[in-house]
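Visitor: got a predicted model here, sequence first, then my questions.
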Amino acid sequence: MRGRWIVLTALLALVLPALAGCSGERDLAFAERYVIDADLDPEGRSMTYAQRAEITNTGSDSTEELWFHLYANMYKGLFQTEDGDVLVTSVTDGAGQSLSYERSQEGVLYRVGLAEPLGPGETAELLFSCQVIIPDLESKYGVSPAGDVQLPGFSLQLAVYDENGWDTDPLQEEGDGRYAHTADYDVTVRAPADYILACNGDEQGVTARDGVTEHRYICRDRRDLVLIACRDYVRRERQAGDVRVLGYFDPGTAGVTEAAMDQVMDAAAFALEYFGQLFGPYPHDTLVVTNAALGTNFAQSMEYSGLITVYFDLETDPTARSHITFHEAAHQWFYGAVGNDENEEPWLDEGFAEFAGYLCLEAWGSDWPGWEIAANAAGAEQVKDDKVDLPADEHPVYQWGVYDRGCMCLKELMDAAGREEFLAILGGYCRDHWMGVATTADFLAAVRAGTGGDVEDILAEYIQE
Ligand SMILES: [Zn+2]
């Protein structure tokens, strides 16, 4: 995420039920596939959908329960809008038998009890019926006054099972809050014919009937699912090597001029090729780029797996718009391709995307003093002793501690190890954790192996371990 930073004062405390402890002692791992069939009614501010989850146990132990996140519900309440919700109204198994389920954390977390234990190699089929009540757009979720719809995280995603068990930790107030493995999605959405839709996948086809348009998307290896819609989107297109960059922009939004759209599309295409050379080829066929719709409070640039939103209304310096595009594009590697727990170690995506964004800005030919800006923030009195690998809520100033100190940790490592050497280390780290999940320990192992261990003073300054 990158954007305007406004202190939120009306954060609603989440009511957190006590959850059964999870030991993480079992060997559980899963492959996830989801099929979603949705009817979107933007004017009625609602969407209903059926979601089939096919969860294959790839571990060696059995489980009698599955936990899911429904991340759209994390925006509810946190951003002052109370009238949105995503409700699961029923859960059945593949045979049509009702399954017990519990909703907690304001609907962000669901536990489903299985009728039979799911053994190694077996696939559970679950059918969810869901109702989405779409709120006013705040930050990055909902419908804007101009009618731009942004629906990130509206569907169920299996929670990660790691060494601590099921990830049922409460969300933190800072940061993006997600933690997920990649999954395949097959999505069908019907919407009024005058709406233009996009999804973070590849559009397979569009059919129109009786004023309704049906869109189908295939989204492979995505770490999330996001749907956007607007009556007034104009479409722009670029090619970045083999990758198609598709832009959807609402010219009615402040700052969305022809020149700004060109700038963002060019920057996105440049970033895909640049980062592809450094960190491995972009993992999808298409990157969707859209403007961050202006809500009732503020808008934020944001990354999803295969889609980025860019905040356009930057009156001060147009370079900032390129940098934000580079930053969000970098998340396709540091978040999308190499996942991490955004609550526990947000620096692994935000610090890395900030660092990569400044590298890209240099390669773009800009003399914007990005490193100086980051260094100043990283050295600020409030954060100068902050460790980058703390959980999101434990940084005295989240932005400076995670983004700027995270960026400067990598910059100092690069300066000490040598540019080519350090970028090779980062490329190897991406390769080793491609489409997986990485931790700070994984990064440290890569750095120590690649540098011979002579950067310990920098690591000790920035990382708690
Ligand atoms: Zn970011």
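Guide: The structure has been received and is ready for your questions.
Visitor: show me where the stretch 301-450 of the chain has helices.
Guide: Along the stretch 301-450 of the chain, the stretches classed as helices by DSSP state H, counting those that start in this stretch are 318-330, 347-364, 370-378, 398, 405-417, 419-432, 440-451.
Visitor: next one: the shortest one to chain centre, how far?
Guide: With CA atoms, centre = their mean, to the nearest Å as the basis, helix 398 stands 18 Å off its chain's centre.
Visitor: how far away is Y311 from the ion?
Guide: Here the distance between Y311 and the ion works out to 12 Å (CB to the ion, to the nearest Å). For the C-beta atoms, the positions are set from N, CA and C on the backbone; glycine is no exception.
Visitor: three-state assignment of the residue nearest to S322 when sequence neighbours are not counted?
Guide: The shortest distance from S322 to any residue that is not its chain neighbour, by CB to CB, 6 or more residues apart in numbering, is 4.5 Å, and that residue is A267. What DSSP: H, G, I helix; E, B strand; the rest coil gives for A267 is helix.
Visitor: what of the one 5 residues further on?
Guide: Following three-state DSSP, we place L272 in the helix state.
Visitor: from the ion, how far off is it?
Guide: The gap separating L272 from the ion is 16 Å, by CB to the ion.
Visitor: that residue contacts A330, doesn't it?
Guide: No. Applying CB atoms under 8 Å as the test, L272 and A330 come out as separate, 10.2 Å apart.
Visitor: which one's more surrounded, those two?
Guide: When neighbours are counted by other CB atoms under 10 Å, L272 and A330 differ, and A330 comes out ahead with 30 against 24.
Visitor: my read: the more buried one touches C360, true?
Guide: Yes. With contacts counted by CB under 8 Å, A330 reaches C360, the gap being 7.0 Å.
Visitor: spit out the contact partners of the closest residue to the ion within the stretch 51-200 of the chain.
Guide: Using CB to the ion, the point where the stretch 51-200 of the chain gets nearest to the ion is D176, with a distance of 7.6 Å. Residues near D176 by CB atoms under 8 Å, 6 or more residues apart in numbering: 1, 302, 342, 346, 349.
Visitor: what's the most distant pair in these?
Guide: Taking CB to CB, the two most distant members of these are M302 and P346; they sit 13.8 Å apart.
Visitor: higher neighbour count, those two?
Guide: The residue with more neighbours, out of M302 and P346, is P346; 31 against 24, by other CB under 10 Å.
Visitor: residues in contact with that one?
Guide: Contacts of P346 (CB under 8 Å, 6+ apart): 174-176, 340, 391-392, 398, 402.
Visitor: next: D85.
Guide: If you count contacts by CB under 8 Å, 6+ apart, D85 has them with 73, 76, 107, 132-133.
Visitor: any idea which of these the model trusts least?
Guide: Across the contacts of D85, the bottom pLDDT score, 75, is held by K76.
Visitor: isn't it right up against Q105?
Guide: No. Counting by CB under 8 Å, no contact exists between K76 and Q105, whose distance comes to 10.7 Å.
Visitor: the two - which one has more neighbours?
Guide: Set side by side, K76 and Q105 give different neighbour counts by other CB under 10 Å, the larger being at K76 (23 against 20).
Visitor: what strand or helix carries that one?
Guide: When secondary structure is defined using DSSP states H and E, no element contains K76, which sits outside every helix and strand.
Visitor: spatially, what comes nearest to it if we skip its sequence neighbours?
Guide: Nearest in space to K76, with sequence neighbours left out and distances taken as CB to CB, 6+ apart, is G84 at 5.1 Å.
Visitor: show me the contacts for that neighbour.
Guide: The contact partners of G84, by CB under 8 Å, 6+ apart, come to 72, 75-76, 133-136, 141-142.
Visitor: so which one among the residues you listed has the lowest pLDDT?
Guide: Of all the contacts of G84, the one the model is least sure of by pLDDT is K76, with 75.
Visitor: for that one, what are its contacts?
Guide: When contacts are counted by CB under 8 Å, 6+ apart, K76 is found next to 82, 84-85, 106-107, 135.
Visitor: neighbours of the residue of the stretch 351-465 of the chain found nearest the ion, how many?
Guide: The stretch 351-465 of the chain approaches the ion most closely through A353 (4.7 Å), counting by CB to the ion. Using other CB under 10 Å, A353 has 27 other residues around it.
Visitor: which residue sits closest to it, ignoring its sequence neighbours?
Guide: A330 (4.1 Å).
Visitor: test my guess that V243 contacts L272.
Guide: Yes. The pair formed by V243 and L272 meets the contact definition of CB under 8 Å, at 5.3 Å.
Visitor: which neighbours do those two have in common?
Guide: With the criterion set as CB under 8 Å, 6+ apart, the overlap between the contacts of V243 and L272 is 282, 287.
Visitor: if we can go back for a sec, in the contacts of G84, find the pair that's most separated.
Guide: Within the contacts of G84, two members stand farthest from each other by CB to CB: A72 and D136, at 14.0 Å.
Visitor: how about the residues of the stretch 201-350 of the chain near the ion?
Guide: E350 (CB under 5 Å from the ion).
Visitor: by proximity to the ion, which residue of the stretch 201-350 of the chain wins?
Guide: E350 (4.8 Å).
Visitor: so what pLDDT did that residue get?
Guide: For E350, the pLDDT comes out at 98.
Visitor: then L12?
Guide: Listed pLDDT for L12 reads 31.
Visitor: low-confidence stretches in this structure?
Guide: Low-confidence segments of the chain (pLDDT under 70): 2-23, 77-82, 315-316.
Visitor: for stretch 308-315, buried residues please.
Guide: 308-312, 314 (16 or more other CB atoms under 10 Å).
Visitor: just give me the residue right at the centre of this structure.
Guide: Here the mean C-alpha position of the chain is nearest to the C-alpha of Y304 (CA atoms, centre = their mean), at a distance of 4.0 Å.
Visitor: ok, it touching V226?
Guide: Yes. With contact defined as CB under 8 Å, Y304 counts as touching V226 (4.4 Å).
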